[in-house]
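*Asks:* Just the structure for this:
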Amino acid sequence: MDLQLDHHTAKALLDWQIEMGATEAIGDAPIDRYELAVAAAKPAPIEAPTDPVPTGDDADPIAEARAAAAKADDLGGLKAAMAAFEHCDLKLGARQLVFSDGHPAARMMIVGEAPGRDEDRVGKPFVGRAGQLLDRMLGAIGLDRASDDPSKAVYITNVLSWRPPQNRDPSPEEIAMLLPFVARHVELVNPDILVLMGNISCQAGLGRRGITRLRGTWTEAYGKPALPMFHPAYLLRQPTAKRAAWADLLSLQARLRG
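*Replies:* All right, here's what the predicted structure looks like:
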C-alpha cells in the first residue's frame, strides 16, 4: 500500500534529516545491495604471491601525530601541522578544518566535541544553535568569545577538527590519533582552567564518559584544572538540564574570580 504524506509531514521529515546532517547526496544512482551481497559471497581468485610493496599502511598515526604536534611552536604552526596530517579520514568528507575561535590569551579554554554542519561551513567551532546557546551561557557570567580583554575572553576548540559524517560520534581510533594535537593546543594556549564540554571531550581528556556523573566536579585534564559540563546541544534536547548547567557556570565564575 502506498503511503501518502501531506506537505507538512514531508517537510518535517526533510527538516529532521537536515538537522541530523543528511545534507548531501551520496550517489546519483540506486545501489542493488542484494547483488552486492551475492558478489561478496563468491570466493576471490587465488593470485600468485608477489613481493610486498611498501605503503603507508604500516605507519603509526598516533606516533606521527605526537611528532607533528611537538614540532609546532605556536598556534599557527599547530594548525598547519593538523592540516598536513593525512591519517584522519574525516578530513576527506569535511569542507574544511575547524581549528579554534576566541582570544588565545583567555584564562578559560573550552574543549568541545566535533564540528557540526554550521561549523564545517563557517570554519569556527560552536556557531550553530548550540553555539548561540553557549554564547548566552558565557554572557551570563560576564564572558565573551569576541572580547579583546583576556580576563573576559574565552578560547574555544574541539577534540576533532573535522566534521564526522552525519554528525556521528568519533571512533576511539579517531580520538586517539588527534589527541596529541589537542594536548599541544592546550599547552600552547596555557589557560588557567579548562571546560570539557560533552562526553567526547571527557573521553579524550579524562579517559572516561558519563557526563551526567562527571559534570559539576572539578578534576584535572591536560595538566590543568578542568570542569566537565553538559554540551549546549544536549541542553537544547534536554532543557531540564539547564539548572545543572547554571550551577556549573557559577562554579566557573567563582573559580575565575578566586
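*Asks:* Surely residue 233 is in contact with residue 130?
*Replies:* Yes: in this structure, residue 233 is within contact of residue 130 by CB atoms under 8 Å, at 4.2 Å. Where C-beta positions appear, they are placed from N, C-alpha and C, glycine not excepted.
*Asks:* So for these two, which residues contact both of them?
*Replies:* residue 116 (CB atoms under 8 Å, 6 or more residues apart in numbering).
*Asks:* Report pLDDT for residue 1.
*Replies:* You'll see residue 1 listed with a pLDDT of 46.
*Asks:* how about the helix ranked longest in the chain: buried residues?
*Replies:* Ranked by residue count under DSSP state H, the longest helix found in the chain is helix 172-189. For helix 172-189, the neighbour count (16 or more other CB atoms under 10 Å) marks 174-175, 177-186, 188-189 as buried.
*Asks:* following that helix, which helix or strand comes up?
*Replies:* strand 193-197 (DSSP states H and E).
*Asks:* Tell me which strands that following strand pairs with, and in which orientation.
*Replies:* Strand pairing for strand 193-197, using DSSP bridges, gives strand 108-112 (parallel), strand 224-229 (parallel).
*Asks:* Compute the inter-axis angle for the last one and helix 172-189.
*Replies:* Taking axes from the mean of the first three to the mean of the last three CA atoms, to 10 degrees, one finds that strand 224-229 is oriented at 130 degrees with respect to helix 172-189.
*Asks:* I'd like the mean pLDDT over strand 224-229, please.
*Replies:* 98.
*Asks:* Can I get that strand in PDB? Just the C-alpha atoms.
*Replies:* The C-alpha coordinates for strand 224-229 follow below in PDB (Å, rounded to 0.1, in the frame of the first residue of the first chain):
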ATOM      1  CA  LYS A 224      45.000  21.900  34.000                       C
ATOM      2  CA  PRO A 225      42.100  22.300  36.400                       C
ATOM      3  CA  ALA A 226      39.100  21.200  34.400                       C
ATOM      4  CA  LEU A 227      35.300  21.200  34.800                       C
ATOM      5  CA  PRO A 228      33.200  18.800  32.800                       C
ATOM      6  CA  MET A 229      29.900  20.300  31.600                       C
END
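*Asks:* Can you pull out the residues in contact with it?
*Replies:* So strand 224-229 is contacted by 109, 186, 191-198, 201-202, 205-206, 211, 214-220, 245, 248, 251-252, 255 (CB under 8 Å, 6+ apart).
*Asks:* Buried among those residues? Make that a ChimeraX selection.
*Replies:* Command for ChimeraX that selects the buried part of those, burial taken from 16+ other CB under 10 Å:
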select :109,186,191,193,194,195,196,197,198,201,202,205,206,211,214,215,216,219,245,248,251,252
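*Asks:* Return the residues in contact with residue 93.
*Replies:* Contacts of residue 93 by CB under 8 Å, 6+ apart are 162-163, 165.
*Asks:* Just send these back as JSON lines, with pLDDT and neighbour count too.
*Replies:* Compiled in JSON lines, the contacts of residue 93 are given as follows (pLDDT from 0 to 100; neighbours: other CB atoms under 10 Å):
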{"residue": "162", "pLDDT": "97", "neighbour count": "24"}
{"residue": "163", "pLDDT": "96", "neighbour count": "26"}
{"residue": "165", "pLDDT": "92", "neighbour count": "15"}
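*Asks:* Reformat the buried residues of helix 172-189 as TSV; add pLDDT and distance to residue 105.
*Replies:* Putting the buried residues of helix 172-189 into TSV (pLDDT from 0 to 100; distance: CB to CB, whole Å) gives the following:
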residue	pLDDT	distance to residue 105
174	96	30
175	96	27
177	96	29
178	97	24
179	97	24
180	98	23
181	98	20
182	98	19
183	98	19
184	98	17
185	98	14
186	98	14
188	98	11
189	98	8
